[in-house]
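>>> quick check, what structure comes out for this input:
(one chain, ligands or ions: 1)
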Amino acid sequence: MTPTLPPTNYQPKPYTGLSADQVLALLKQFLNPGIFLYYKKPIMLVEGKMQYVWDDTGKRYLDGLGGIVTISVGHCHPHVVEAARKQNETLQHSTTIYLHPNVAEYAEKLASKMPGDLKVCYFVNSGSEANDLALLMARVSTGNYDVVALRNSYHGGNASGMGMTAHSNWKFNVPHSFGVHHAAVPDPYRGLYGRNDPEAGAKYAADVKQLIDFASPGQVAGFIAESIQGVGGVVVFPDGYLKSVHAHVRAAGGVCIADEVQSGFGRTGTHFWGFETQGVIPDIVTMAKGIGNGCPLAAVVTTPKIASVLSQRIHFNTFGGNPIVSAIGKAVLEVIERENLQENSLKLGGRILAGLEKLKAKHNIIGDVRGKGLMLGIELVKDRTTKEPAKAECAQVLENCRELGLLVGKGSLHGNTIRFAPPMCITQADADFMLAVFDEAFAKL
Ligand SMILES: Cc1ncc(COP(=O)(O)O)c(C=O)c1O
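Coordinates of the predicted model:
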């Protein structure tokens with residue numbers, strides 16, 4: 001039986017704008033060809049409400065990717081929309097050289113979500129900018145230059161983000177990784193040490209120590225990692241990995257940076273921040289995407305001591321902490337709390353993962369299923385022994401899901417991992433719909 005989308009009371013407005021074909025023609029002429037599109041026939045979304053989106057033809061989809069892990073609390077959530085509207089009608093911009101209550105109140109609220117001494121915020125507009133700033137703070141605060149990042153990571157598309165990223169697909173052939181060393185990815189599915197090795201975390205961490213000893217002057221500015229690798233295909237590190245790495249890095253004078261751009265804000269279910277699932281407290285945390293539920297907001301949160309280094313020179317960001325984005329950021333945190341979205345991620349993420357295990361038993365193309373909360377992945381392989389990536393099949397599953405009313409994404413170096421991170425407001429009926437769609441999409445291959 002073809003899966004059917006759970007019902008909704010929401011009626012989208014009739015769409016009367018340009019057709020998808022017209023928009024595609026304009027894009028081809030006036031936008032950079034580097035902007036890639038999903039699907040053989042690109043989709044145009046014109047309206048969204050909570051976990052659902054509508055295309056220009058009025059077809060509804062469950063947004064299983066949440067605008068690439070960005071719609072945390074739901075499309076056009078009424079509380080977020082109201083916060084933005086109120087501020088939009090009052091003062092849209094003032095800049096950081098004047099006081100404004102929104103940025104102060106928001107920073108206080110965000111700091112209240114952080115453990116330990118992570119209490120000082122600096123707001124920027126994107127994850128790439130946040131990571132660039134974190135790198136600057138790490139280097140200035142330690143007086144060291146070298147940084148260890150991980151293979152299979154994604155940290156942004158600007159010069160320093162690209163430098164820390166380790167995926168040939170995303171690295172242009174220009175100098176950008178000076179002083180950055182990439183350690184082995186602690187990948188329990190493809191890496192050297194598997195899920196059954198209780199020492200895997202410490203063993204992978206030893207590679208970071210090797211890089212410090214052999215590739216750096218023995219002293220480093222820091223270490224950066226996504227707490228769960230997103231673009232790399234939802235790679236969840238073995239227990240104990242970050243604990244061991246942090247000890248090696250701090251012993252070499254470095255600070256530890258957690259990139260929470262995808263894994264933060266309750267998405268992992270058990271914890272508010274992804275790094276907490278590894279039992280560590282970093283020195284610097286970068287965040288973006290879900291922080292703003294779709295508005296350009298990002299942040300670097302660190303300790304007062306590390307934060308103070310930015311006063312050595314002038315550091316300025318025109319829009320950072322602008323009154324509108326601050327109002328939105330605060331509203332997002334309020335919704336996560338009021339609607340128990342972290343708990344919902346835990347409950348429904350667990351339900352989906354258990355369902356994926358059953359699908360794995362049924363469809364041989366599924367090599368691995370993994371993730372935490374509502375940050376999940378399905379890695380497709382042509383052969384479970386050789387683990388040869390099933391890239392074309394993965395693209396076809398995305399097409400099949402789209403036909404059936406589900407939008408999901410793909411990741412990994414070879415584009416063979418389906419990844420999904422729906423808005424955290426999905427219901428049990430949505431979770432079951434996703435599983436039914438995957439089952440059908442694999443069966444149709
Ligand atoms: C983990 C991670 N860090 C940083 C970034 C860069 O964020 P932005 O695209 O907002 O610059 C991304 C974007 O996908 C990301 O996934």
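>>> CA atoms for contacts and neighbours, from now on please.
Will do.
>>> where do the helices sit along the stretch 101-250 of the chain?
101-112, 127-142, 159-164, 200-215, 241-251 (DSSP state H, counting those that start in this stretch).
>>> which of these sits closest to the ligand?
Across the helices of the stretch 101-250 of the chain, the ligand has its closest neighbour in helix 127-142 (3.3 Å, Cα to the nearest ligand atom).
>>> same for the closest one, what does it pack against?
helix 159-164, strand 255-259, strand 284-287, strand 298-302, helix 304-307 (3 or more Cα pairs under 8 Å, 6 or more residues apart in numbering; DSSP states H and E).
>>> reformat those as JSON lines; add mean pLDDT and distance to residue 148.
Output for the helices and strands packed on helix 127-142, formatted as JSON lines (pLDDT from 0 to 100; distance: least, Cα to Cα, whole Å):
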{"stretch": "helix 159-164", "mean pLDDT": "97", "distance to residue 148": "8"}
{"stretch": "strand 255-259", "mean pLDDT": "99", "distance to residue 148": "10"}
{"stretch": "strand 284-287", "mean pLDDT": "99", "distance to residue 148": "14"}
{"stretch": "strand 298-302", "mean pLDDT": "98", "distance to residue 148": "19"}
{"stretch": "helix 304-307", "mean pLDDT": "98", "distance to residue 148": "18"}
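>>> in three-state terms, label the residue nearest to residue 355 when sequence neighbours are not counted for me.
Closest residue in space to residue 355, ignoring its immediate chain neighbours: residue 435 at 6.5 Å, by Cα to Cα, 6 or more residues apart in numbering. What DSSP: H, G, I helix; E, B strand; the rest coil gives for residue 435 is helix.
>>> so which of the helices and strands packed on helix 127-142 gets nearest residue 95?
Residue 95 sits nearest to strand 298-302 of all the helices and strands packed on helix 127-142, at 15.7 Å, using Cα to Cα.
>>> now do the closest one: distance to the chain's middle.
Distance of strand 298-302 from the chain centroid (Cα atoms, centre = their mean, to the nearest Å) equals 15 Å.
>>> okay, that strand in PDB with CA atoms only?
The C-alpha coordinates for strand 298-302 follow below in PDB (Å, rounded to 0.1, in the frame of the first residue of the first chain):
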ATOM      1  CA  ALA A 298      25.000  31.900  14.300                       C
ATOM      2  CA  ALA A 299      27.100  32.100  17.500                       C
ATOM      3  CA  VAL A 300      30.400  31.400  19.100                       C
ATOM      4  CA  VAL A 301      30.100  30.700  22.800                       C
ATOM      5  CA  THR A 302      33.200  30.500  25.000                       C
END
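>>> okay, now the closest residue to the ligand within the stretch 201-350 of the chain: neighbour count?
The minimum distance from the stretch 201-350 of the chain to the ligand, using Cα to the nearest ligand atom, falls at residue 261 (4.8 Å). A count of nearby residues for residue 261, using other Cα atoms under 10 Å, gives 30.
>>> now residue 23
Number of residues near residue 23 (other Cα under 10 Å) recorded here: 13.
>>> how much space separates it from residue 56?
To residue 56, residue 23 is 11 Å away according to Cα to Cα, to the nearest Å.
>>> picking that back up, just checking, the residue nearest to residue 355 touches residue 357?
No - counting by Cα atoms under 8 Å, residue 435 sits too far from residue 357 to count as a contact (10.5 Å).
>>> of those two, who's got more company?
Remark: of residue 435 and residue 357, residue 435 carries more neighbours, 21 against 15, as counted by other Cα under 10 Å.
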